[in-house]
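Undergrad: give me the fold of what follows.
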Amino acid sequence: MTRGTPQTDNHGHTAADGDRDFTPDEVEALVREYDAESNFRDLVGPVAILVTVASVALSLFHVYTAGFGLLNEVMHRTIHLSFVMGLIFLVFPRKRATPDRRMWIESLIFAAFYLYLLYGLFTALPASTLKTVFTAVMAVLIVLTLPINRKGATPGRIALRDWVFAAFGAGFSAYLSVFFQHVFIDNVGNPPEPVYMMGLIAIVMTLEATRRTMGATLAWIGVGCLIYALAGPYLPGILAHRGYSITRIINHLFVGTEGIYGVAVGVVATYVFHFVLFGILAQMSGLGQLFIDLATIIAGRASGGSAKVSVVSSGFFGMISGSPIANTVTTGAFTIPLMKKSGFSGRFAGAVEASASCGGQITPPIMGASAFVMTEMLGIPYNELILIAIVPACFHYIAILLMVHLEAKKLGLTGMSKDKIPQFGAVLARSWHLFVPLGVMVAMLLMQYTPFLAAFWGIILTIVFSYVPLVMRSLGNTTMDTSTVLTPPRLVRGFEDGAKFALAIGAACACVGFLLGMTTLTGLGFKFSAAVVELAHDLATLVTALDFTGLLSENGLALFFGLIFVAIACIIMGAGIPTTPTYIILASIAAPALMEFDVPLIATHFFVFYFGVLADVTPPVALAAYAAAGLARSEPMTTGTTAFRLSMGKALVPFMFIYAPSLLFVNFTWVEFSTALVSGLLGVLALSAAYIGWFRRPLVLWEKVLLTIAGLLLISTHWAAISVGVLIVAAILLRPGPRAAAA
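TA: The predicted model follows:
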């Protein structure tokens, strides 16, 4: 099957070591280790039944409303968040069962901040018995946020504090649901005292839920936004503002759709949840295995076929799963051992899988949760967003396939053996029914039906068509797998898992509401934009002053520096936060900066979106790469670094559609589109060859440097830059190697 010598990874393992298939339990353990959104408690007994009932009820609520009509937006979001916040503290354990010094310090800081908010509200409200009782209850609740363990407590057990948190977490949203008329209609603009009290509970519980599901990074950002709103008069220069009282902040965040119940939670409650549930049920019905079989048929025979199967299958799987870590582990359990057996190093195999899996968030037709947020923020139909995303997604996968192909050629690897490639007819005969739900859902999206209605029919048809193997078996057809039938017990498990996998993103989006609310209240986004624009223009002025050729324009340089600053902000932010909250944050405060350079709005949001997606392969917190390293038995950091470098094509694409918006079908002209398409493909080829260090022959250092420069020149729309880039690429890649010259 291969030529060449098996590689060794950074632990000294050979390709034959650790290249076995992984059991479902091992796959699940890896997902839990690296994906905070999947780190569920193993519940048993009455508690497990309670969580199952609540989770299934949440799923059924969303399925029903998707098919038969949503409630008004505030009511729908409050009901959704009541279930989400209540379940989080029962489903998710604390990050560390045994508190350490760092955890204590972090918890003490958060508790001190909560006490400050409580003091501010206490002094703002008039004296009453209710205020006294509330203050005492809040003081106890704040103490419970400290990591105090009961002596002899069992790790993973649901402690009393978790029940208290679950009750308060569900309670603040349930309050708005029950007293909707009283709060939003009878007392609009002048909320009664209990609203402020429930609002403070909402702030504390949202931050605690975020810390538990996502870690402290996003919670720190939420606290920072609140401090910024409180401390406005004391801040220097452009950051200063009038400052706001705790009552004004609570009213802004808790009542209405500007804060906690803003666009982020709205998207999760109306779009994301339904597609998460569809992805879970589709995978249970066998669609994931079908994608792997099709990818093997398409790419298995090519050079380095096992790695190309990884790329193609991850692209297919990404269409129904927006989670890069789940995608990495699910497909990687099959493809990574296969790549190692073929002769790729463990480091490279893990990096290929991680990089390809992150592309799922940018791959139509479903993409990731960020895409649904984008449709709301931009006000464009989802079917248009699907079409806009096609070309950039193709560039991403072409870049990875090119690097895989060049690496395979460098190592002398061939394709997979014929006996390991399934027959298309046999695959179609046993799995044809799985295309129907996906096909109907995609057709409905393209026909401009609402995404949640399309997801509703996708879910219903997935359930119905999962019974086709059972019907065919009764008719004498034994080729279909009846274990994928969504029987009532499996359907309950699917509804439960669908709800659980949507919990963490619900908490994160509620916390992001702090930033969105404080941005609209204080004008933070405009301040950040002004700072970026000013700094970019200052640097551009400095560089043009030093330019003796006169070829550089100040406006062009200012745009370039502005893009660099925003890209760096995205990468830094993404190193500790999942893609969706990263996108929401940066779309609110960073994307407006690019609009100051007359960049089309859709291009600015896609730019931020793409760099946010790089988070899961960006060291030092490259979680998808670390999960892949666990499967590949390779060193995590080097695997992450390799995955990031394999994703350089994805990092190049955003600059391409900023300079040539026609790639996003914005201000479309055939000349710009075709020029950008050809030069972009040539640029991706140049960067791929430079990274791998091989194109028909080994490349030396100076050739790699020149190819990198040429790749960057080719993203430009300036004919002189493109011409120079083309000449460099042609001169190096067409240059004969030593053996060819000797011949």
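Undergrad: would you map the helices across the stretch 151-300 of the chain?
TA: All helices of the stretch 151-300 of the chain, identified by DSSP state H, counting those that start in this stretch, fall at 160-178, 180-181, 193-214, 216-230, 246-254, 263-267, 273-284, 287-299.
Undergrad: between the fourth one and helix 246-254, how many degrees?
TA: If you take axes from the mean of the first three to the mean of the last three C-alpha atoms, to 10 degrees, helix 216-230 sits at 130 degrees to helix 246-254.
Undergrad: just the first one next, same as before
TA: What separates the directions of helix 160-178 and helix 246-254 is an angle of 80 degrees, with the same axes, to 10 degrees.
Undergrad: what helices and strands are in contact with helix 160-178?
TA: Secondary-structure packing of helix 160-178 (3 or more C-beta pairs under 8 Å, 6 or more residues apart in numbering; DSSP states H and E): helix 73-91, helix 129-144, helix 193-214. The C-beta positions use only the backbone N, C-alpha and C, and glycine is treated the same way.
Undergrad: alpha carbons of it, as CSV, please.
TA: This file holds the C-alpha atoms of helix 160-178, laid out as CSV (Å, rounded to 0.1, in the frame of the first residue of the first chain):
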residue,chain,number,x,y,z
LEU,A,160,-26.2,20.7,47.8
ARG,A,161,-24.7,23.8,46.3
ASP,A,162,-25.4,22.5,42.8
TRP,A,163,-29.1,22.0,43.6
VAL,A,164,-29.2,25.6,45.0
PHE,A,165,-27.4,26.9,41.9
ALA,A,166,-29.8,24.9,39.6
ALA,A,167,-32.8,26.4,41.4
PHE,A,168,-31.6,30.0,41.2
GLY,A,169,-30.3,29.5,37.6
ALA,A,170,-33.7,28.3,36.4
GLY,A,171,-35.5,30.7,38.6
PHE,A,172,-34.3,34.1,37.2
SER,A,173,-35.6,33.3,33.7
ALA,A,174,-38.7,31.5,35.0
TYR,A,175,-39.5,34.7,36.9
LEU,A,176,-39.7,36.7,33.6
SER,A,177,-41.7,33.9,32.0
VAL,A,178,-44.3,33.9,34.8
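Undergrad: what does stretch 206-221 rub up against?
TA: 36-37, 85, 88-89, 92-95, 106, 110, 145, 165, 169, 222-223, 260, 503-504, 507-508, 510-515, 576-578, 581, 585 (C-beta atoms under 8 Å, 6 or more residues apart in numbering).
Undergrad: try it again at 7 Å.
TA: 36-37, 85, 88, 92, 94-95, 106, 110, 145, 165, 169, 222-223, 260, 503-504, 507-508, 510-511, 515, 576-578, 581 (C-beta atoms under 7 Å, 6 or more residues apart in numbering).
Undergrad: next one: stretch 371-388
TA: With C-beta under 7 Å, 6+ apart as the criterion, stretch 371-388 contacts 263-264, 266-267, 271-272, 364-365, 445-446, 448, 451, 580, 583-584, 587, 601-602, 605, 609, 664-665.
Undergrad: hang on, the earlier thing: could the helices of the stretch 151-300 of the chain be laid out in JSON lines, adding mean pLDDT and distance to Gln423?
TA: Shown next, in JSON lines, are the helices of the stretch 151-300 of the chain (pLDDT from 0 to 100; distance: least, C-beta to C-beta, whole Å):
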{"stretch": "helix 160-178", "mean pLDDT": "93", "distance to Gln423": "51"}
{"stretch": "helix 180-181", "mean pLDDT": "80", "distance to Gln423": "58"}
{"stretch": "helix 193-214", "mean pLDDT": "93", "distance to Gln423": "44"}
{"stretch": "helix 216-230", "mean pLDDT": "91", "distance to Gln423": "48"}
{"stretch": "helix 246-254", "mean pLDDT": "92", "distance to Gln423": "58"}
{"stretch": "helix 263-267", "mean pLDDT": "87", "distance to Gln423": "42"}
{"stretch": "helix 273-284", "mean pLDDT": "88", "distance to Gln423": "23"}
{"stretch": "helix 287-299", "mean pLDDT": "86", "distance to Gln423": "8"}
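Undergrad: output those helices as TSV; include the columns mean neighbour count.
TA: Formatted as TSV, those follow (neighbours: other C-beta atoms under 10 Å):
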stretch	mean neighbour count
helix 160-178	20
helix 180-181	12
helix 193-214	24
helix 216-230	20
helix 246-254	22
helix 263-267	26
helix 273-284	26
helix 287-299	22
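Undergrad: just send the ones you listed back as JSON lines, with distance to Leu130 too.
TA: Below are these laid out as JSON lines (distance: least, C-beta to C-beta, whole Å):
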{"stretch": "helix 160-178", "distance to Leu130": "14"}
{"stretch": "helix 180-181", "distance to Leu130": "21"}
{"stretch": "helix 193-214", "distance to Leu130": "7"}
{"stretch": "helix 216-230", "distance to Leu130": "24"}
{"stretch": "helix 246-254", "distance to Leu130": "15"}
{"stretch": "helix 263-267", "distance to Leu130": "28"}
{"stretch": "helix 273-284", "distance to Leu130": "35"}
{"stretch": "helix 287-299", "distance to Leu130": "53"}
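Undergrad: quick one: closest of the ones you listed to Gly640.
TA: Proximity to Gly640, assessed across these by C-beta to C-beta, is greatest for helix 216-230 (17.3 Å).
Undergrad: what angle sits between the closest one and helix 193-214?
TA: Here the directions of helix 216-230 and helix 193-214 differ by 150 degrees (the same axes, to 10 degrees).
Undergrad: okay, buried residues for the helix or strand hosting Val729 please.
TA: Assigned by DSSP states H and E, Val729 belongs to helix 719-733. Buried residues in helix 719-733, counted by 16 or more other C-beta atoms under 10 Å: Ala721, Ile722, Val724, Gly725, Val726, Ile728, Val729, Ile732, Leu733.
Undergrad: what sits against the closest residue to Phe695 other than its chain neighbours?
TA: Counting by C-beta to C-beta, 6 or more residues apart in numbering, Phe695 lies nearest to Ala689, which is 4.2 Å off, once chain neighbours are set aside. Contacts here follow C-beta under 7 Å, 6+ apart; on that basis Ala689 touches Leu406, Phe695, Leu699, Leu707, Leu733.
Undergrad: mind putting these into JSON lines with secondary structure, pLDDT and distance to Glu353?
TA: Below are the contacts of Ala689 laid out as JSON lines (DSSP: H, G, I helix; E, B strand; the rest coil; pLDDT from 0 to 100; distance: C-beta to C-beta, whole Å):
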{"residue": "Leu406", "secondary structure": "helix", "pLDDT": "90", "distance to Glu353": "18"}
{"residue": "Phe695", "secondary structure": "coil", "pLDDT": "88", "distance to Glu353": "24"}
{"residue": "Leu699", "secondary structure": "coil", "pLDDT": "89", "distance to Glu353": "25"}
{"residue": "Leu707", "secondary structure": "helix", "pLDDT": "92", "distance to Glu353": "26"}
{"residue": "Leu733", "secondary structure": "helix", "pLDDT": "88", "distance to Glu353": "28"}
